[in-house]
Structure formats: C-alpha cells, structure tokens
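1. I'd like to go over a predicted model; first the sequence, then the structure.
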Amino acid sequence: MSRRVVITGVGCVTPLGNDLGQFWRNLTEGRSGIGPITRFDASGFPVQIAAEVKDWDVSAVGEDPARWQKHPRQTHFAVGAAIQAVRSAGLNGRGIDRRRFGIYLGCGETFPDLDALGRMIAPALRDGKLDESAFLRRAMASIDPEQALYCEPHVPAHCLAALVDAQGPNMNCIAACASSAQAVGNAAEMIRRGEADVMLAGGAHSMIHPLGIAGLHRLSVLTPANEMKEKAMRPFDAHRDGFVVGEGGAMVLLESLEHARSRKAEIWGELSGYASGHEAFHLTDTHPGGRALAQCAREALRQARLNFDDIDYVNAHGTSTRLNDRIETLALKRVFGSAAYAIPVSSTKSMLGHATTACGAIELVVALMAVRTGVVPPTINYETADPDCDLDYVPNSARQWKCRHALSDSLGFGGQTAALIVSRFDARSASISLARAA
C-alpha cells in the first residue's frame, strides 16, 4: 500500500511570530528576529546574540502556564505549534480513530533551570570573560535529576499525545539539525504504508541557555559578530562567519488523502517526496562533495515522481558557515545541473537564526507557504557575492514566483541529511485564509 499524504494544518512559534500569519508576514518582509540575548545574563559570554521567541507563553493557545511550569521551552513551543496545527486542520475529534492518530517529533536535549545555570556563570568568570571549560564542568554537575526528567527529548511527544488524545504511534527523532525534517518525512511514510491515518509531526527546540551557547561556541560554529546583531547571520555571503542560535517550533497535520477527503478537510499542500541519508564521513563536518545531500534530493524527486526541472524553489539549510554553504551550493548543482541557476534558493535562517532540531519543520512550513502564496522569502544580509556560492539566493527582498513544487533540505552534525518536497495539491490550494491559522 502507498497512499498520498497531504497537509491539512499548520502551527508555529518562532522568533518572527507566534502564529502562522504573523510569521509569514515578517518573513516575507525580510525582518530579522536576531538581537541581544535576554534569557540570561550573557555579558561574560563571547556570544551575546540569539534569535529568541518573544512575548509568548502557552496562554496564547488557551493553556494554563502553571500546567507546563516544570517543562523546558521546547515543550512549550511544541504545545503552542501543535494546538495551532490541530485547530487550523479543523480536527475536532469527530470521525477520527484515535488509535490511528500518531505523533512524530524531532526534539533534542535541553535544560529548564536557567537560574541554576546562571549561578554557575559567576564562579567561571575570569577578568569578566567566561572560562567555558570551568563553566561546562560546573553546569553539568548542577543538573537536578528531577528537572532533567522533563528535559528528555521524548517528553514533548508524550505531552502532545495526551493533549490531543493521539493513541497511535508516538516517536521522537534525534538526528541533530535534521531531526524535525526526518520526523515529518517518517511520519508521512507511516501514513503511506497504512500504519496511521493522521500524524501530527514537526519539532521544537531551544538552545538559548548558558550551556547551549557555551557548547556551540566551543564547536566554533557561532558567529562572533555581536555588534552586528540582526545583520550577523549572512548565509552564502562572502563574509559569513558562523550562525546565530535560534529557537521555536513548528507542526504540520499530515493525513492520507482519503482520510482528509472523508472529513472534507482543507488541503494546504501535498508532501510528495522525502528521503534521508548519511554522509558516513565525519562527526561534525559535511562531506566536501555534499554526497548525501545530493542523494537525498534525488531520491525525494524520485519518490515524488518529479524531474529535476520541476522544482521551483529550494529552502536551503543555509547555516552561514564557511564550509556548509559552499558544500550545499555544490550539492544543489550536482542535483539540478545548469538548471540550478534558474531556481530561487533562500536561507530563512538569515532571519530566524538556527533553531537546531526544530529548523527542518520550520523550513518545511516556509516551503509550503511559498507553494501556497506564490511568494519566495529572501535571504537577508546578502551583500557580497562568493564565487563558490553562485546561485540565486533571493537577496534581501521577497519575490513573487510561481511555485508548484518546493524542496527543503536539512543537514545535521554527525552526517544526518534529509530532503522534503511539498507540492501544490490543486488550484484551490493556492489561496489561504491566514486568519484561520492564527
């Protein structure tokens, strides 16, 4: 059995907006969600900027904040995005077999107690600067075992199942920055195989805490350009020098086409292709030829029964690191050949920062909205061309663009890769009421 999989609901909580309408408006206007860190005192840290979710808590979706007080931010984001997705899908429970309604998320490790971590900063400061080794040792020793329980990556999926009474498959994917992309793709595969009729899929994460910032800085992947603030994230630009940490969550409600039609659901788009793979190369570095990413894109095209020239837009992983942007560009040229130069490619991380395990789901929503609205969001802060990054990166301004099929690709530490293709379902899917998604 191989069934078509459609998207019938969407929800998101991001640095650019806490519902889909606000998020899409700010994204297409080229606004940046990056600014000084306010979640903790970062004055002694070498990195002091991030893309934070602002002015939001679960009361915005009708939940009592006290119920979720012990949970870390990623669970709050997951709850917010999930409730939005279920509501936008009109999934009111009638006619739904809860045993065939599942959850598949991509959530990662996190820490809830910023106050406890904050107390570790002062003893690790030397001349006003953080001794990261001393801080990391103290922070790991200070973790409360009871609090740590709520930080387990599988907990958000459990919480959502209880929240929406999803009694079917319940899973969490940990594949670094490809986690939520793989979660959405694997959820779609379960529907295609007939193992479920409805899947709530996506991801949420936040590494904007002292331990996360210190750890990523130690890996030399963060930009040191604190003074540039909203201009610090510069994917594909010749002067790019690392990424800015982001946070947030996004969810999509996936259904078999038959199930969606049986309940007369609005179909937002079709998840037509998915593939995952592995670089089999290095713990942190991408293979210099981008072999796994290229293979994933080809396999996703095959599954979607599309030719390489059918893709109208690529939402790139685009991390603003020297190597990854160059390798991703090379991989796209390996897949699309000379046609790659005619395909708009944008990195929305330039505005959102890098939401780690959540980025794949957020970027799938971007690809879906490009298909639905005929607008391609920009790569902001693109000022100086790099000879190794020579595609059309939609610099600085959104573009009206006829978009039938969009590709979203994801790469993660450890060599994990994923590619998702979202397609216009029919002509009626081109119009959307954003008010319904708010």
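-> Great, that's in hand.
2. pLDDT weak spots in the protein?
-> Along the chain, the model assigns pLDDT under 70 to residues 1, 93-94, 112-130, 132, 135-136, 138-146, 284, 427-438.
3. now the helices for it?
-> 20-28, 73-88, 114-119, 132-141, 145-150, 155-164, 179-192, 210-218, 257-262, 291-304, 322-336, 349-352, 359-373, 434-437 (DSSP state H).
4. closest to residue 204 out of those helices?
-> Smallest distance to residue 204 across the helices of the chain (CB to CB): 3.9 Å, for helix 73-88. The C-beta positions use only the backbone N, C-alpha and C, and glycine is treated the same way.
5. re the thing from before, mean neighbour count and distance to residue 408 for the helices of the chain - can I get that in TSV?
-> Formatted as TSV, the helices of the chain follow (neighbours: other CB atoms under 10 Å; distance: least, CB to CB, whole Å):
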stretch	mean neighbour count	distance to residue 408
helix 20-28	21	14
helix 73-88	27	17
helix 114-119	15	31
helix 132-141	15	33
helix 145-150	12	30
helix 155-164	20	21
helix 179-192	28	7
helix 210-218	20	23
helix 257-262	16	21
helix 291-304	22	10
helix 322-336	21	12
helix 349-352	28	12
helix 359-373	28	4
helix 434-437	16	19
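6. Format the ones you listed as CSV; extra columns: distance to residue 234.
-> Shown next, in CSV, are these (distance: least, CB to CB, whole Å):
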stretch, distance to residue 234
helix 20-28, 17
helix 73-88, 26
helix 114-119, 29
helix 132-141, 25
helix 145-150, 36
helix 155-164, 31
helix 179-192, 23
helix 210-218, 17
helix 257-262, 40
helix 291-304, 21
helix 322-336, 9
helix 349-352, 7
helix 359-373, 17
helix 434-437, 29
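7. now for these, which one comes closest to residue 384?
-> helix 322-336 (12.9 Å).
8. Off-centre distance for the closest one?
-> 19 Å (CA atoms, centre = their mean, to the nearest Å).
9. From the contact counts, what lies against it?
-> With contacts taken as 3 or more CB pairs under 8 Å, 6 or more residues apart in numbering; DSSP states H and E, helix 322-336 sits against helix 291-304, strand 405-411.
10. now do 7 Å
-> Judged by 3 or more CB pairs under 7 Å, 6 or more residues apart in numbering; DSSP states H and E, helix 322-336 is in contact with helix 291-304.
11. what's the distance between the helix it packs on and the middle of its chain?
-> 19 Å.
12. Residues in contact with it: which ones?
-> With contact meaning CB atoms under 7 Å, 6 or more residues apart in numbering, helix 291-304 is reached by 272-279, 308, 328, 331, 334-335, 407, 409, 411, 415, 417-421, 423.
13. Sort out which of those are buried, if you could.
-> 272-279, 328, 331, 334-335, 407, 409, 411, 415, 417-421, 423 (16 or more other CB atoms under 10 Å).
14. Can you give me the neighbour number for the closest residue in space to residue 309 that isn't next to it in sequence?
-> Residue nearest to residue 309 in three dimensions, not counting chain neighbours: residue 339, with 5.1 Å by CB to CB, 6 or more residues apart in numbering. Applying other CB atoms under 10 Å, we find 15 residues neighbouring residue 339.
15. you'd agree residue 339 is up against residue 310?
-> No. If you go by CB atoms under 7 Å, residue 339 and residue 310 don't touch, sitting 9.9 Å apart.
16. any idea how far residue 317 is from residue 199?
-> For residue 317, the distance to residue 199 equals 23 Å [CB to CB, to the nearest Å].
17. separation between the residue most central in space within the chain and residue 52?
-> The centre of the chain sits closest to residue 359, judged by CA atoms, centre = their mean, with a distance of 1.7 Å. Distance of residue 359 to residue 52, given as CB to CB: 15 Å.
18. go on, residue 137?
-> For residue 137, the distance to residue 52 - CB to CB - is 27 Å.
19. Same check on residue 70?
-> Separation of residue 70 from residue 52 (CB to CB): 21 Å.
20. Then residue 195?
-> 37 Å.
21. Compare neighbour counts for the two and give me the winner.
-> residue 52 (23 against 15).
22. From what I see, that one and residue 208 are in contact.
-> Yes. The criterion here is CB under 7 Å, and residue 52 meets it with residue 208 at 5.9 Å.
23. Now for the two: what residues contact both?
-> In contact with both residue 52 and residue 208: 39, 247, using CB under 7 Å, 6+ apart.
24. thinking residue 405 is in contact with residue 309, fair?
-> No. If you go by CB under 7 Å, residue 405 and residue 309 don't touch, sitting 10.2 Å apart.
25. Just want to know which of those two has more residues nearby.
-> Comparing residue 405 with residue 309 by other CB under 10 Å, the one with more neighbours is residue 405, at 22 against 11.
26. State the distance from the more buried one to residue 343.
-> 11 Å.
27. Now do the shared contacts for these two.
-> 311, 312.
28. So what sits opposite residue 11 in the bridge?
-> On the basis of DSSP bridges, residue 11 is bridged to residue 251.
29. Based on its surroundings, how many neighbours for it?
-> 31.
30. How about residue 282?
-> There are 12 residues near residue 282, going by other CB under 10 Å.
31. gap between the residue lying closest to it once chain neighbours are set aside and residue 393?
-> Closest residue in space to residue 282, ignoring its immediate chain neighbours: residue 415 at 6.9 Å, by CB to CB, 6+ apart. Using CB to CB, one obtains 25 Å as the distance from residue 415 to residue 393.
32. same deal with residue 407?
-> Taking CB to CB, one finds residue 407 at 15 Å from residue 393.
33. Residue 365 now?
-> For residue 365 relative to residue 393 (CB to CB), the value is 20 Å.
34. Also residue 164?
-> From residue 164 over to residue 393 (counting by CB to CB), the distance is 38 Å.
35. same check, this time on residue 149
-> 43 Å.
36. Ok, residue 32 next?
-> Distance from residue 32 to residue 393, by CB to CB: 16 Å.
37. Same check on residue 58?
-> Residue 58 is 36 Å from residue 393, by CB to CB.
38. and those two? which has more neighbours close in?
-> When residue 58 and residue 393 are compared for neighbours, residue 393 comes out ahead with 25 against 21, by other CB under 10 Å.
39. Just confirm the more buried one contacts residue 380, I think it does.
-> No. Residue 393 lies out of contact with residue 380 (CB under 7 Å); the separation is 10.1 Å.
40. Phi and psi next, for residue 244.
-> phi -110, psi 140 (degrees, to the nearest 10).
41. what's the burial count for it?
-> 31.
42. Tell me who's in contact with it.
-> Counting by CB under 7 Å, 6+ apart, residue 244 has contacts 34, 49, 50, 51, 223, 232, 233, 353, 354.
43. so what's it closest to, chain neighbours aside?
-> Nearest residue to residue 244, sequence neighbours excluded (CB to CB, 6+ apart): residue 353, at 4.3 Å.
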